[in-house]
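*Asks:* Predicted structure and sequence below. I'll ask about it afterward.
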Amino acid sequence: MIAFLRGKLLEKHPNQIIVDTAGVGYDVVIPISTFSALPDAGAEVALRIHTHVREDALALFGFLTSEEKALFEKLISVSGIGPTLAIKVLSGLATAALIDAIRGGQVEQLVRIPGVGKKTAERMVLELRDKMEGLGGGAPPAVSSRAEPAMSDIEQDVLSALINLGCQRAPAEAAVRKARSGDPTTDFEPLFRRALNLVR
């Protein structure tokens, strides 16, 4: 099993990267929190890896922190949550906010994540509330947005991330445009969080 990967970042997209390690390109699925902290393509990157094996596929899920990986593995232990949905959950809320929502039984917060219904949210709370030892938490980061007349590369990435989470393109694009109209910040994650709130 692959548990750690270090190499050159060949490509990066909101939910997927390719890492070149000794001439082999590894396709790794990542959450938004990891994407927003990655260096530019061409730089070296080190990821903690969860290798998911099925009869018909082998998939790598990558995380920059051990906390993200631990939370991912707790999520996939919940009945009805597979790796793809777990990545969406990690992408839908900042790690600290997700931990707090599970600990606090905040089902209404969890169901706002695309793909998470009430029953799934209730199972997450029921099965994980007492398994959060050693994981951080705290107030979610402040949400901000950016303002420019045309979509920048970051805004295109935000749009792509929203579509990957299951949002329809038209409302997702409208949400990105609305999200950037207040504050001229250029960071991916605050813009993504704001757009995700607006597209619901």
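*Replies:* Nice, thanks for sending it over. All of these numbers come straight from a predicted model, not from anything done at the bench.

*Asks:* mean confidence for stretch 80-91?
*Replies:* Stretch 80-91 shows a mean pLDDT of 94.

*Asks:* Residues contacting that stretch, please?
*Replies:* 14-15, 29-33, 50, 52, 59, 61, 68, 71-72, 75-76, 98, 110, 113-116, 119-120, 123-124, 161, 165-166 (CB atoms under 8 Å, 6 or more residues apart in numbering). To be clear about C-beta, it is placed using only N, CA and C from the backbone, and glycine gets the same treatment.

*Asks:* residue boundaries of the helices in this structure?
*Replies:* 32-37, 66-75, 83-92, 95-103, 107-110, 118-128, 153-164, 169-179, 188-199 (DSSP state H).

*Asks:* okay, the ones you listed in CSV with mean neighbour count next?
*Replies:* Below are the helices of the chain laid out as CSV (neighbours: other CB atoms under 10 Å):
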stretch, mean neighbour count
helix 32-37, 22
helix 66-75, 19
helix 83-92, 22
helix 95-103, 21
helix 107-110, 18
helix 118-128, 17
helix 153-164, 20
helix 169-179, 18
helix 188-199, 22
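
*Asks:* okay, those helices in a markdown table with distance to A46 next?
*Replies:* Shown next, in a markdown table, are the helices of the chain (distance: least, CB to CB, whole Å):
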| stretch | distance to A46 |
| --- | --- |
| helix 32-37 | 11 |
| helix 66-75 | 12 |
| helix 83-92 | 19 |
| helix 95-103 | 18 |
| helix 107-110 | 30 |
| helix 118-128 | 27 |
| helix 153-164 | 22 |
| helix 169-179 | 30 |
| helix 188-199 | 20 |
